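A.B. asks: Provided below for reference: sequence and predicted model.
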Amino acid sequence: MTTPDVLYVALVTIALLLDHFVLWRTFLRRSRDDPGRARVRLWSAWMTMSWTLVAAGVVLWSFESRAWGSLGLVVPRGWWLVGAIGLASTLVIMYARTVARVARIPRSRRTRLQNQFGELAAVLPHTRSELRWFVALSLTAGFCEEFLFRGYLIWAFRPLLGLWGAAALSVVVFAAAHAYQGPKGVLSTGILGGLFTLVVLLFGSLLPAIALHALVDIGQGLVAWLVFRDLPEEGGGVAALREST
C-alpha cells in the first residue's frame, strides 16, 4: 500500500467509528420521539457516508492509475456470467415467493411476525415512504459495502495476509461494522459476508456480490414492510437495540 492507501484505510476506520459512536447513538436518541423520522435520517447519513467513501476510493484508484480489474470491477465471462445471473435469478424467485406468502397473511396474524425480526425491526421500513428510502439504501449498501469490504480491503491487505487472510479480515470487519444489530445480527451478518466473499473469490468479480447483496437487502426490506405496514410501531425493537449497545 502507498501512503494515500494508508490514509484511505484510516478514513474508512474513522467513518466506521463515527457510525457506531455518533450516528447510531443519535438514532437511538431520536427514536424515542419519532422512530420513522429517525430511521430516514439514519439511512440518509449512511448513504452519504458510504458514497463519500467510495468516491474517495475511486479518486485514489484513478490517481494511482490502477486497473479496475484488480479491484474486481469486471464483468464475469462465459459460464461464470451465466452462473451469476442464475444465482441472482434464484434469489429473486425465492424472495418473490416469500413476499407473495407474507402479503396474504391477514393483519391479525402479522402482529406476531414482528417478533421474528427482533432487534432489526428498529431499522427496517414500516411505511411505503420508508420502503422507497430503504430500496435506495439497499442499492447503496450493495455497491458501496462490496467496493469497500470485498474490493478494496481484500486488495489492500492481500500482500500482508495473503488472499484468504485478507478475505477473512474483510468478513470480520464487515460483521463488526454491523455491531448495532446485536450479537445474533453480527453472527448472521458475518455468515452472509462470508458467502459474499466466496462469491467474489469464485467469480473473480465484485459485480455478482453487489447484485446479490442489494437483492438480499431489498428482499428483507420488502418482507419487513409487508409485516409492519398499517400496524402500530412498538418500542421493543429500539429498546432492545439500545440495551445491546
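C.D. replies: The structure has been received and is ready for your questions. From a predicted model like this one, the values you see are computed outputs, not experimental measurements. Residues are numbered from 1 along each chain as shown.
A.B. asks: which SSE is the residue nearest the centre of the chain in?
C.D. replies: Note on the chain: the residue nearest the mean C-alpha position is residue 141, at 4.4 Å, using C-alpha atoms, centre = their mean. Secondary structure from DSSP states H and E places residue 141 in helix 128-145.
A.B. asks: report the buried residues of that helix.
C.D. replies: Within helix 128-145, the residues scored as buried using 16 or more other C-beta atoms under 10 Å are 130-131, 133-135, 137-145. (Glycine included, C-beta is placed from N, CA and C.)
A.B. asks: repeat for stretch 84-98
C.D. replies: Buried residues in stretch 84-98, counted by 16+ other C-beta under 10 Å: 84, 87, 95.
A.B. asks: and if you look at stretch 26-34?
C.D. replies: For stretch 26-34, burial by neighbour count (16+ other C-beta under 10 Å) applies to 27-28, 30-31.
A.B. asks: give me the mean pLDDT for it.
C.D. replies: Averaging pLDDT along stretch 26-34 gives 92.
A.B. asks: now that stretch: how far from the chain's centre is it?
C.D. replies: Here stretch 26-34 shows a centroid-to-chain-centroid distance of 21 Å under the convention C-alpha atoms, centre = their mean, to the nearest Å.
A.B. asks: what's the neighbour count on residue 105?
C.D. replies: 13 (other C-beta atoms under 10 Å).
A.B. asks: name the helix or strand for residue 16, please.
C.D. replies: Element membership of residue 16, judged by DSSP H and E, is helix 3-18.
A.B. asks: list the buried residues of whichever helix in the chain runs longest.
C.D. replies: Ranked by residue count under DSSP state H, the longest helix found in the chain is helix 35-63. Buried positions in helix 35-63, judged by neighbour count with 16+ other C-beta under 10 Å: 35, 38-43, 45-47, 49-50, 53-54, 56-57, 60-61.
A.B. asks: what about the helices in the chain?
C.D. replies: Using DSSP H, the helices of the chain run over 3-18, 24-31, 35-63, 78-103, 107-113, 128-145, 153-176, 182-203, 207-228, 236-244.
A.B. asks: distance to residue 70 added to these, as TSV?
C.D. replies: Formatted as TSV, these follow (distance: least, C-beta to C-beta, whole Å):
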stretch	distance to residue 70
helix 3-18	13
helix 24-31	33
helix 35-63	9
helix 78-103	17
helix 107-113	45
helix 128-145	18
helix 153-176	6
helix 182-203	13
helix 207-228	14
helix 236-244	38
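A.B. asks: residue contacts, the nearest residue to residue 215 once chain neighbours are set aside?
C.D. replies: Nearest residue to residue 215 in three dimensions, chain neighbours excluded: residue 91, at 5.1 Å (C-beta to C-beta, 6 or more residues apart in numbering). Each residue near residue 91 by C-beta atoms under 8 Å, 6 or more residues apart in numbering is listed here: 212, 215-216, 219.
A.B. asks: of those, grab the buried ones for ChimeraX.
C.D. replies: Under the burial definition 16+ other C-beta under 10 Å, those of the contacts of residue 91 that qualify are selected in ChimeraX by:
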select :212,215,216,219
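A.B. asks: tell me the one among the contacts of residue 91 nearest to residue 190.
C.D. replies: Set against residue 190, the nearest of those by C-beta to C-beta is residue 216 (14.2 Å).
A.B. asks: what's the neighbour count on residue 164?
C.D. replies: Neighbours of residue 164 (other C-beta under 10 Å): 12.
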